[in-house]
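Here is the input, now give the coordinates:
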Amino acid sequence: MINDRLELYKKIEQERQSKLIVYITGDKPGMETQISHDIHDLFLNHLDKFNLPSKITLYLYTRGGDTMAAWGLINLLKQFCDDYEVIVPSKARSSGTLISLGASNIIMTKQATLGPIDPSLNSHLNPQNPSFPQNPQARVPVSVESIKGYFDYAMQELNIHNEAELAQVFLGLSSQIHPIVIGNVFRSRQQTLRLATSLLKKHFGNDEEKMNKVISFLCSDSGSHDYPIFRREAREFGLNIETPSMDFYKTIKEIYDSIYSELEINKAWDPNVILGDNNQATYNVRRSIIESIDGGTDVFVSEGLLVKNQTPIQMAPNLPPIMQTSIQDNRKFEGWKHEDVVIQ
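Model prediction:
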């Protein structure tokens, strides 16, 4: 809880001479969250309490999310301060990297990574994640580079170039991924290229050749959406990367460990474990956090009731039925809740 981290937050604000806001999108397997538009009003409530500081420090952990939501957050932060910086304790991937590019400097730990900013979208139209059949809401993110790689494989490895055959390749893809999702992914890619160009101009000035090389790598040439960019490579790109002192690193890591434990990021969402030998069990999963000393905690929560059902399946006329077990997830609440901080 935030009260356990309060002194650490005060320490960072004093160290950086700034106001600190923490944003974590949890990646607990089966209960992942992403950067989305619903965070803007929540951030606004925190920023309104900062009294227009000259600098804001954003502590960021995320695997990415909606590109335009990230762009909106960048501009919102800039409305409330002269300068913002980003602390990356572990991961600021995809749209998280985009947010970092908008900062004046990026503080990266030894294990911190940025990543390619090719869009990876997740919506209710995405394919269900087969790894988590117990959670119907779990979806597989779709990235533009994965789709592009599918067509590159068809053309380069299978030597398919005929328009009719390529149409069949597309139909095969659209049978697995909704055409609207495919369209949104490519539209998001064009947005990302424009936004990355705009943000990197302040890092590279008039050196368009170097800037375009970095943009090409981040948006396509890395070869994988999961390619990790550690601080040495990020610095070689020309980004303003800061290495924290050992004392500062310990503070960053302590905050990360606290939130990691609170969100139980290392424990997959498994209804069977929650139920155990019971037929019913309630659950409350904390999935994402926005918090500050002045604004308290906003936490994205999923709450519900799991019910184990037994259904008899008749396999053969002369054999007794086999009982098939299924788990019903009755989601009672899913959204943001506010928790005030207790100033000590």
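
Output the below-cut-off pLDDT ranges for the stretch 51-200 of the chain.
119-123, 125-126, 129-137, 145 (pLDDT under 70).

now the helices for it?
67-79, 95-101, 144-152, 163-174, 179-204 (DSSP state H, counting those that start in this stretch).

again with the stretch 201-344 of the chain
Assigned by DSSP H, counting those that start in this stretch, the helices in the stretch 201-344 of the chain fall at 208-216, 231-237, 246-262, 271-275.

got the ones you listed as a markdown table, with mean neighbour count and mean pLDDT columns?
All C-beta atoms are positioned from the backbone trio N, CA, C, and that covers glycine. Shown next, in a markdown table, are the helices of the stretch 201-344 of the chain (neighbours: other C-beta atoms under 10 Å; pLDDT from 0 to 100):
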| stretch | mean neighbour count | mean pLDDT |
| --- | --- | --- |
| helix 208-216 | 15 | 82 |
| helix 231-237 | 16 | 92 |
| helix 246-262 | 16 | 97 |
| helix 271-275 | 14 | 92 |
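
Tabulate those helices (CSV), appending distance to residue 283.
Formatted as CSV, the helices of the stretch 201-344 of the chain follow (distance: least, C-beta to C-beta, whole Å):
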stretch, distance to residue 283
helix 208-216, 43
helix 231-237, 38
helix 246-262, 16
helix 271-275, 5
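
what about the ones you listed, which gets the closest to residue 44?
helix 246-262 (21.8 Å; C-beta to C-beta).

Relative to the whole chain's centre, how far out is that closest one?
19 Å (C-alpha atoms, centre = their mean, to the nearest Å).

what's across from the closest residue to residue 16 other than its chain neighbours in the sheet?
Using C-beta to C-beta, 6 or more residues apart in numbering and skipping the chain neighbours, the partner closest in space to residue 16 is residue 57 (4.9 Å). Note on residue 57: beta-bridge partners by DSSP bridges are residue 20, residue 85.

List the contacts of residue 215.
Shown in contact with residue 215 (C-beta atoms under 8 Å, 6 or more residues apart in numbering): 193, 196-197, 200.

Against residue 55, how distant is it?
With distances taken as C-beta to C-beta, to the nearest Å, residue 215 is found 27 Å from residue 55.

Apart from its chain neighbours, what residue comes closest to residue 46?
Closest to residue 46 by C-beta to C-beta, 6+ apart is residue 295, at 3.4 Å.

and what of residue 96?
Closest to residue 96 by C-beta to C-beta, 6+ apart is residue 62, at 4.0 Å.

closest to residue 341 out of the helices of the stretch 201-344 of the chain?
helix 246-262 (14.2 Å).

Only C-alpha atoms, please: export the closest one in PDB.
The C-alpha trace of helix 246-262 is given here as PDB (Å, rounded to 0.1, in the frame of the first residue of the first chain):
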ATOM      1  CA  MET A 246      23.600   3.300  -5.900                       C
ATOM      2  CA  ASP A 247      21.500   5.000  -3.100                       C
ATOM      3  CA  PHE A 248      19.000   6.200  -5.700                       C
ATOM      4  CA  TYR A 249      18.900   2.800  -7.300                       C
ATOM      5  CA  LYS A 250      18.100   1.200  -4.000                       C
ATOM      6  CA  THR A 251      15.200   3.500  -3.500                       C
ATOM      7  CA  ILE A 252      13.900   2.800  -7.000                       C
ATOM      8  CA  LYS A 253      14.200  -0.900  -6.500                       C
ATOM      9  CA  GLU A 254      12.500  -0.900  -3.100                       C
ATOM     10  CA  ILE A 255       9.500   0.900  -4.600                       C
ATOM     11  CA  TYR A 256       9.400  -1.600  -7.500                       C
ATOM     12  CA  ASP A 257       9.600  -4.600  -5.100                       C
ATOM     13  CA  SER A 258       6.800  -3.300  -3.000                       C
ATOM     14  CA  ILE A 259       4.400  -2.700  -5.900                       C
ATOM     15  CA  TYR A 260       5.500  -6.000  -7.600                       C
ATOM     16  CA  SER A 261       4.500  -7.800  -4.400                       C
ATOM     17  CA  GLU A 262       1.300  -5.900  -3.900                       C
END
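
that older thread, let's have the contacts of residue 215 in a markdown table, adding neighbour count and distance to residue 319.
Formatted as a markdown table, those follow (neighbours: other C-beta atoms under 10 Å; distance: C-beta to C-beta, whole Å):
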| residue | neighbour count | distance to residue 319 |
| --- | --- | --- |
| 193 | 18 | 61 |
| 196 | 22 | 62 |
| 197 | 14 | 67 |
| 200 | 23 | 67 |
